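>>> just to be clear, the model below is a prediction. Sequence and coordinates:
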Amino acid sequence: MNRYAPELALVAGGLLGVVFGGFVLFSVGELYSAAVVGAAFGYPFAAYAVHTDADPTTVLPPRPVAAIGGLLAAGVLVDVLRVFSPNASTLLFGLPFALGVFLPLAAYAARYGSPPPWLPHRQVEWGCTVLAIGLLAAGIAVGAAVSGSVSALLIYVAGGVFAARPAAGGRGQQRHRLVAGLLAATGLVIVGVTTAGPLDPWVTAALAAVFGPLLVVALTAPISMDAA
């Protein structure tokens with residue numbers, strides 16, 4: 001028996017997530033709040049179980065886990081639109097919560113499983129980049145720059161890390177990524193200064209444009225095990 005007892009950690013996390021998520025659901029009647037709270041309590045235990053188990057896929061099959069994450073994320077978005085007025089601003093408000101529920105499960109599936117053949121890595125990265133740009137623009141347009149920028153940051157980082165899974169890009173590619181992010185941020189600030197209206201949304205989007213590439217480079221950089 002594994003001395004780290006990953007199965008017990010998984011059970012404990014599941015129970016805590018269900019108990020606290022259920023409490024929130026019955027207290028305020030919001031499914032999206034219950035899902036976020038349940039994930040906040042359950043995911044750390046699940047991460048410990050996955051990390052300490054020699055083969056977590058025997059208990060947690062990657063593709064079904066990703067599918068469950070997708071269903072939970074869709075439920076979060078639908079409930080946010082139900083609780084608040086159904087418009088673009090509300091959708092952007094709920095998207096970070098949906099991504100927070102989905103992306104950890106998708107990351108597990110990508111790490112321990114094999115993606116389907118219709119999800120080539122580079123195309124996923126480009127698709128996430130285009131989607132992130134669209135979210136930045138939508139957040140500025142509808143007055144939800146914070147939630148739009150957070151969602152764009154999460155999606156861009158997820159796409160970059162997913163694409164680097166087979167083999168991380170060289171230093172030249174990483175340098176180009178950082179330069180592109182810096183140029184995009186500079187452009188956003190310049191546009192914000194030269195147009196009428198508050199500058200805050202543009203600065204928020206510029207911060208996401210800077211930190212996205214930085215996080216991808218940090219998360220995909222090879223770790224040297226050489227002694228100092």
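Everything's here; your move. Numbers count the residues shown, from 1 in each chain.
>>> tell me how this structure divides into domains.
When the chain is parsed into structural domains using automatic domain parsing, the resulting residue ranges are 1-114, 118-223.
>>> can you give me the offset of the first one from its chain's centre?
A distance of 12 Å separates the C-alpha centroid of domain 1-114 from that of its chain, computed with C-alpha atoms, centre = their mean, to the nearest Å.
>>> ok, back up a step: could I get the domains of the chain as CSV with mean pLDDT and mean neighbour count?
Using the backbone N, CA and C atoms, a C-beta is placed for each residue, glycine as well. Compiled in CSV, these are given as follows (pLDDT from 0 to 100; neighbours: other C-beta atoms under 10 Å):
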stretch, mean pLDDT, mean neighbour count
domain 1-114, 89, 17
domain 118-223, 87, 17
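>>> tell me the contacts of residue 69?
Applying C-beta atoms under 8 Å, 6 or more residues apart in numbering, we find residue 69 in contact with 101, 102, 103, 104, 105, 106, 109.
>>> do residue 91 as well
Residue 91 makes contacts with 77, 80, 81, as judged by C-beta under 8 Å, 6+ apart.
>>> how about 7 Å then?
By C-beta atoms under 7 Å, 6 or more residues apart in numbering, the contact set of residue 91 is 77, 81.
>>> quick one: which helix or strand includes it?
Secondary-structure element containing residue 91, defined by DSSP states H and E: helix 88-112.
>>> just list what the very next helix or strand once past that helix packs against, helices and strands only.
Read in the C-terminal direction, the helix or strand following helix 88-112 is helix 121-142, with elements assigned using DSSP H and E. Identification of packing neighbours for helix 121-142 by 3 or more C-beta pairs under 7 Å, 6 or more residues apart in numbering; DSSP states H and E yields helix 88-112, helix 145-163, helix 200-220.
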